[in-house]
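Colleague: Quick one: sequence and predicted model below, then my questions.
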Number of protein chains: 2
Amino acid sequence: MAKRQGCRTVSFDRPVYVSAHAAIVGQKEGEGPLQGTFDMVSGDTHFGQKTWELAESRMQRIAIETATGKAGLNLSDLDFILAGDLLNQCIGSAMASVSSNIPFIGLYGACSTMAEGLAVGACLVDGGAARRLCAAASSHFCAAERQYRFPLAYGGQRTPTAQWTATAAGAAVLTRDRTPVRITHALFGQMVDLDVTDANNMGAAMAPAAYDTLTHLFEDTGTQPSDYDRILTGDLARVGSALLRDLFGRDGVDLGATYDDCGVLLYDTEQDVHAGGSGCGCSAAVLCGDILDRMERGALHRVIFAGTGALMSPTSVQQGQGIAGICHAVILEGS
Amino acid sequence: MAKRQGCRTVSFDRPVYVSAHAAIVGQKEGEGPLQGTFDMVSGDTHFGQKTWELAESRMQRIAIETATGKAGLNLSDLDFILAGDLLNQCIGSAMASVSSNIPFIGLYGACSTMAEGLAVGACLVDGGAARRLCAAASSHFCAAERQYRFPLAYGGQRTPTAQWTATAAGAAVLTRDRTPVRITHALFGQMVDLDVTDANNMGAAMAPAAYDTLTHLFEDTGTQPSDYDRILTGDLARVGSALLRDLFGRDGVDLGATYDDCGVLLYDTEQDVHAGGSGCGCSAAVLCGDILDRMERGALHRVIFAGTGALMSPTSVQQGQGIAGICHAVILEGS
C-alpha cells in the first residue's frame, strides 16, 4: 500500500525495485560526455527503418527488449508497458509495442514522461495491479524537428536558448523482487504556467514547475538538497537549470554540486546543442544508463529524478497560449 | 490492495467508488437520442473561447468542475486529475487543467482514454496513492476535423464507414467513500493490429481489440455476457460493433441485447454521422451522463465499460502503417 505523505508525496511502504534498465541512443549522443554508459549507440539515424518515426519506435522497442532481457525476463513476463513520446498521438510508443502482445498504458507528459512512467508504474506495482512492468520513453531529433519546427533540409537557425531533441530511449523494469535500487517515493506535479510563450526557451517555461515539485518533495519528506547524492532534473538544460538554482537561491536554499540536469549532462558544449538536450529520451537515457548504473555500483545512494515537461503544441504556441511546465519526480535509493 | 485475477484482470478487494460524474456536449450531441442526460449542452461551438482547441479545453474543464462540484468537493480536494484527448500533445487536457493547481497525469489512449483514466485512477485510489481524483476525456469535432482530416470549410466528403468526432467531454470523480456505484475490476488491453490501413474505417481497426479485451475479461472473471446488464464499447460505431458481434458469434457467443456501443448510442441515424460517433469525448459523455445516472437510479446493476481506441496518427497513416486498436475496460457495479 502506498501512503500519502505531506501535501503531495506518495510513499511506498513496500519498496518497488528497479530490476533492470537500458538506454539506447544515436551517434551524437553516443559521442558526448556519457559515452560508454549506453547499451547501444546506433550509427544509423534510421535504425534500419524507412522513416524517422519508425526509427524512434525501433529504438524504444530495443530499449524495452534490452531492459527486459537484462532483468532475465521475456517480454511476455511483463504485465504492462507504460510509454510515451513527443510524436503526435504518441505514435512512436504505440508502434514500438504494437506487436508485443503486452497490455499497453499510453502516457503523455512531454519530456517528463520517463518520470511519469516510473511514478505511475511504481504505484501499479506497489498497489498489486502489476507484478512487473516496463516504463519507457523516447525521442528522435529528426522526427521531432520536422514535427515541431522545420524540415531538417531547410537548415533553420536556432536561438541560443533552444534545446536539442535527443535521439534516445530509456526503459526500466519495475518489480517487487529485491534488487539494489528501489523507488521509495513519487510525486506527481501540477502544471505551472508563468506565461512563457517562447517555444525556443522551454527551459524557462519548465523551471518554475521543477521548483514547485522539488519544494513540495523536500517539505513532504522533511529532507533538503544535501540529503541526496544527486538531484537530477530532465531536461531544463543550461538556461532552465540556472533559473532553477536562482529560484531556490531566493529561498536561501543552495542546490549545490549535487544538482544537475540531464539536458546539460548528455552533450558537450562543443556539440552545438545550444542550451542543451531535451526530448523524452534525454532524461530517460541519462537515468537508464549512467545514473542507474552508478546506483547499482553503489556510487550513488539517494537520488531524486525529476522529469520536466513543457505542455505545449505547435498549435497552442501559434495561438499565443502560454507554455505550461510540469515536473514529476521519484526518489530512488540504492542499497 | 489490487489482485491480479486470471491472465489480465485487476480486481479491487476494497472497491473504488464513483462519487460523481458529469457530461458536457455540443448542440448536435444534445439533440441526439441521449438528450436530457447531459449536465450541459452548449449552443456555442466555441464555448465562449476564441479557438476550437480552447473550446475543447473549456468544455473539459466544465466537466471536471461540474463532477467535482456534484461530489461536494472543491477542485483543491482532488489529489490528481488524469486526462487525455486527441489533440496533438494532448493540449486540450493540459489547457483544461493548467490553472487548477492540481497534480496532473496526462494519458494517451485515443478514444479509449476515459476507460484508461478510470482504470489507472481506480488503481491509484485502491493502492493508496490518491484519496480522490478526477478522470476526464474530451474531443471536439471542429478541432479534430482540421487536425486529422481537412479544414472544415473544404467540405470534404465522408465515407459511409467514417465516424463523427463528438464534441463532448466526460469526467468522473473516484474515491474510497461509499457511493451507489463502484469499480470492481479493470483490464488494460494490448494493442491488436490486423493491418487495417483505412483511417476512415476505424471501427474495423478497433473491433479485434475489443474482442481481445472482452474475451480476456469474461475468462478471467468467469463471467459471460448475460451476467451483465450492459456491455458498452466506445466507440466502434455501427461498422465496428457489427464486426464485434460477428467475432463473438464465431465462438458461439451471442452478445445479445445487453451489448451496445457509445458511438451508436450518441446520435440518431438521421444526424448524418455515417457509421456513428467517435472521439475521446463520445464514450466519456455517454458513460458520465446516461449510463452512470442509470446505475445510480438502480436501473443498471452490472456494466462493462470497454473504451476502444485507434492508435494512429495522420503521419503513420500517410506512411502506410497499420492502425492498431486498443481496448481498456472496467467493470462497474451498482448497489
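Modeller: Okay, I see it.

Colleague: Give me the buried positions along stretch A:325-335.
Modeller: Of the residues in stretch A:325-335, A:Gly325, A:Ile326, A:Cys327, A:His328, A:Ala329, A:Val330, A:Ile331, A:Leu332, A:Glu333, A:Gly334 count as buried by neighbour count, 16 or more other Cβ atoms under 10 Å in any protein chain shown. To be clear about C-beta, it is placed using only N, CA and C from the backbone, and glycine gets the same treatment.

Colleague: and of those residues, the nearest to B:Leu87?
Modeller: A:Ile326 (16.5 Å; Cβ to Cβ).

Colleague: My guess is the closest one contacts A:Gly189. True?
Modeller: Yes: A:Ile326 lies in contact with A:Gly189 (Cβ atoms under 8 Å); the separation is 5.1 Å.

Colleague: Tell me which of the buried residues of stretch A:325-335 fall in strands.
Modeller: In strands, judged by DSSP state E, the following of those are found: A:Gly325, A:Ile326, A:Cys327, A:His328, A:Ala329, A:Val330, A:Ile331, A:Leu332, A:Glu333, A:Gly334.

Colleague: so what sits against both of A:Ile326 and A:Gly189?
Modeller: By Cβ atoms under 8 Å, 6 or more residues apart in numbering or on different chains, A:Ile326 and A:Gly189 have these common neighbours: A:Ser112, A:Ala209, B:Phe104.

Colleague: Closest one to A:Asn201 out of those, please.
Modeller: Taking Cβ to Cβ as the measure, A:Ala209 is the one of the shared contacts of A:Ile326 and A:Gly189 closest to A:Asn201, at 14.2 Å.

Colleague: and the strand or helix carrying A:Gly281, what other elements does it pack with?
Modeller: Assigned by DSSP states H and E, A:Gly281 falls within helix A:280-286. On a contact count with 3 or more Cβ pairs under 8 Å, 6 or more residues apart in numbering or on different chains; DSSP states H and E, helix A:280-286 meets strand A:9-26, strand A:80-85, helix A:113-127, strand A:132-139, strand A:168-175, strand A:230-234, helix A:262-265, strand A:302-311.

Colleague: Keeping just the C-alphas, turn that helix into PDB.
Modeller: Output of helix A:280-286 as PDB, limited to C-alpha atoms (Å, rounded to 0.1, in the frame of the first residue of the first chain):
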ATOM      1  CA  CYS A 280      11.500  12.400 -23.600                       C
ATOM      2  CA  GLY A 281      14.500  10.300 -24.500                       C
ATOM      3  CA  CYS A 282      17.100  12.600 -23.000                       C
ATOM      4  CA  SER A 283      16.300  12.200 -19.300                       C
ATOM      5  CA  ALA A 284      15.200   8.600 -20.000                       C
ATOM      6  CA  ALA A 285      18.600   7.600 -21.400                       C
ATOM      7  CA  VAL A 286      20.700   9.500 -18.800                       C
END
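
Colleague: Let me know the next secondary structure element after that helix.
Modeller: Where DSSP H and E defines the elements, the next helix or strand beyond helix A:280-286 is helix A:292-297.

Colleague: Extract the C-alpha trace of that next one and format it as CSV.
Modeller: Presented in CSV, the C-alpha positions along helix A:292-297 are these (Å, rounded to 0.1, in the frame of the first residue of the first chain):
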residue,chain,number,x,y,z
LEU,A,292,21.1,3.7,-12.5
ASP,A,293,24.4,2.1,-13.3
ARG,A,294,26.1,4.2,-10.7
MET,A,295,23.4,3.4,-8.2
GLU,A,296,23.8,-0.3,-8.8
ARG,A,297,27.6,0.0,-8.3
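
Colleague: Contacts for that helix next, please.
Modeller: With contact meaning Cβ under 8 Å, 6+ apart, helix A:292-297 is reached by A:Val18, A:His21, A:Thr37, A:Ala172, A:Pro180, A:Val181, A:Leu300, A:His301, A:Val303, A:Leu332, A:Gly334.

Colleague: can you tell me which of the residues you listed lies nearest to B:Asp254?
Modeller: Nearest to B:Asp254 among these, with distances taken as Cβ to Cβ, is A:Ala172, at 44.2 Å.
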